[in-house]
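Here is a sequence with its predicted model. Questions after.
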Amino acid sequence: MRRNQKPITVVESISINERNSFIKDLGLLFKFRLSFVVVFSSVLAYMIAAPHISFVGLAMLWIGGFSVTAAANALNQILERDYDKLMVRTAGRPVAAGRMSVSSALIAAGLLCLLGLIILSAFNPITGFLGMVALISYSFIYTPLKRLTPLAVAIGAFPGALPVIIGVTAATGEITALAASLFAIQFLWQFAHFWAIAWLADDDYKKAGFYLLPGREGKKDSSVGWNSFLYSILLVPFSFLPWVFGISSLLSGFIAAALAVWYCYMAFRFAKEANDISARKLMFSSFVYLPMVLIVFLMDKIVF
């Protein structure tokens, strides 16, 4: 220890630990990594659509998009706190575990929601409106439906695909053919992605009364994998939508379609094998597929 350097007291040590614990809980409340991934797709869409990329615009979209997404995740945990307690994977969340009060989480969600919508609205009214629609539909429509019907996955895919439209409208001020194309791809991508996750967490979900696989029988339903495969197949022709609308080259369409074929193959293996190993492989391939497709269209813009 350096001379004249004061040792850390017990009280200060406890204060540091409490602060670190609080920051960690905020990360869990806002689902930091998930929020980052969601905003990443929005930023890529912005870069694809923007005539000239503005670094100020990129920063605004990062902050605004992250704030709205984090607020939606926090509201989700507030609304599902009693069900989160019943599942191993969610029992440690701050509100469910009682480390954070509902009022504190609600204030944090409200402040982030306000900040995010103000920033998104600074681009144009459409972008701000879509941000609000995404938050409301995710938190107050998709979230309660998860315990009522497996159709919640299809309904949740709508706000799940809105980030790419938000990215395009932030760059152009309107919902263009590019926005519709990227929305269609991200919408279809979510089914195999989410059903793979729901398969792996099925036993845990059932404890809280969530039935998120296509049928009420859960893993016993042989249609789970085939439904995933069906939606994945649709991604192949939809990969050419930007080319059809004259937005990108045919080459990028073929590359995106090749990625979709690979994704289909992983979904096909899941359909044939119907086990945790194939579901996990499909889940990880879904994490790779979507950003790679968006990067393909971005590179097409830069090169051609």
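The structure has been received and is ready for your questions.

S139: how many residues sit nearby?
Applying other Cβ atoms under 10 Å, we find 21 residues neighbouring S139. Yep, even glycine has a C-beta here, placed from its N, CA and C like the rest.

what does I119 give?
I119: 23 neighbours (other Cβ under 10 Å).

And for the one 5 residues further on?
The criterion is other Cβ under 10 Å. On that basis, N124 has 16 neighbouring residues.

so it makes contact with T169?
Yes - judged on Cβ atoms under 8 Å, N124 makes contact with T169 at a distance of 6.7 Å.

so who does the closest residue to A96 other than its chain neighbours touch?
Leaving aside its sequence neighbours, A96 sits nearest to D84 (Cβ to Cβ, 6 or more residues apart in numbering; 3.7 Å). Contacts for D84 (Cβ atoms under 8 Å, 6 or more residues apart in numbering) come out as 77, 90-91, 93, 95-96, 208.

Next one, pLDDT for D84 please.
pLDDT recorded at D84 is 92.

and the helix or strand encompassing W199, how far out from the chain's middle?
Element membership for W199 (DSSP states H and E) is helix 177-200. Relative to its chain's centre, helix 177-200 lies at 10 Å (Cα atoms, centre = their mean, to the nearest Å).

and what of stretch 286-295?
13 Å.

same deal with stretch 245-262?
23 Å.

so what pLDDT did P242 get?
96.

Hmm, it is touching S248, no?
Yes - using Cβ under 8 Å, P242 makes contact with S248 at a distance of 4.1 Å.

what residues are shared contacts of the two?
With Cβ under 8 Å, 6+ apart, P242 and S248 have common neighbours F297.

Only C-alpha atoms, please: export stretch 230-246 in PDB.
C-alpha atoms of stretch 230-246 as PDB (Å, rounded to 0.1, in the frame of the first residue of the first chain):
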ATOM      1  CA  LEU A 230     -41.400 -24.400 -43.000                       C
ATOM      2  CA  TYR A 231     -40.800 -20.800 -42.000                       C
ATOM      3  CA  SER A 232     -37.100 -21.100 -42.700                       C
ATOM      4  CA  ILE A 233     -37.800 -22.200 -46.300                       C
ATOM      5  CA  LEU A 234     -39.800 -19.000 -46.900                       C
ATOM      6  CA  LEU A 235     -36.600 -17.100 -46.200                       C
ATOM      7  CA  VAL A 236     -35.000 -18.400 -49.400                       C
ATOM      8  CA  PRO A 237     -37.300 -16.600 -51.900                       C
ATOM      9  CA  PHE A 238     -37.700 -13.600 -49.500                       C
ATOM     10  CA  SER A 239     -33.900 -13.100 -49.800                       C
ATOM     11  CA  PHE A 240     -34.400 -11.800 -53.300                       C
ATOM     12  CA  LEU A 241     -36.900  -9.100 -52.300                       C
ATOM     13  CA  PRO A 242     -34.400  -6.300 -52.200                       C
ATOM     14  CA  TRP A 243     -33.300  -7.200 -55.700                       C
ATOM     15  CA  VAL A 244     -36.900  -7.400 -56.900                       C
ATOM     16  CA  PHE A 245     -37.500  -3.900 -55.700                       C
ATOM     17  CA  GLY A 246     -34.200  -2.700 -57.300                       C
END
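
just to revisit the earlier point, farthest-apart pair in the contacts of D84, please.
V95 and A208 (14.4 Å; Cβ to Cβ).

Give me the more crowded residue out of those two.
More crowded of V95 and A208, by other Cβ under 10 Å: V95, with 24 against 16.

Outline the domain layout of this structure.
Split into domains by automatic domain parsing, the chain comes to 10-175, 176-304.

Return the list of helices and strands in contact with the strand or helix carrying A96.
Element membership for A96 (DSSP H and E) is helix 94-97. Packing partners of helix 94-97 (3 or more Cβ pairs under 8 Å, 6 or more residues apart in numbering; DSSP states H and E): helix 10-30, helix 55-79, helix 81-84, helix 102-123.

Dump the ones you listed into TSV; add distance to Y265 as well.
Output for these, formatted as TSV (distance: least, Cβ to Cβ, whole Å):
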stretch	distance to Y265
helix 10-30	35
helix 55-79	30
helix 81-84	35
helix 102-123	37
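
Most tightly packed of these?
Highest mean neighbour count among these (mean count of other Cβ atoms under 10 Å): helix 55-79, with a mean of 21.

now that one: mean pLDDT?
95.

for that helix, packing partners?
Counting by 3+ Cβ pairs under 8 Å, 6+ apart, helix 55-79 packs on helix 10-30, helix 32-49, helix 94-97, helix 102-123, helix 125-137, helix 143-145, helix 152-172.

what about the fourth one, average pLDDT?
Predicted confidence along helix 102-123 averages 96 (mean pLDDT).
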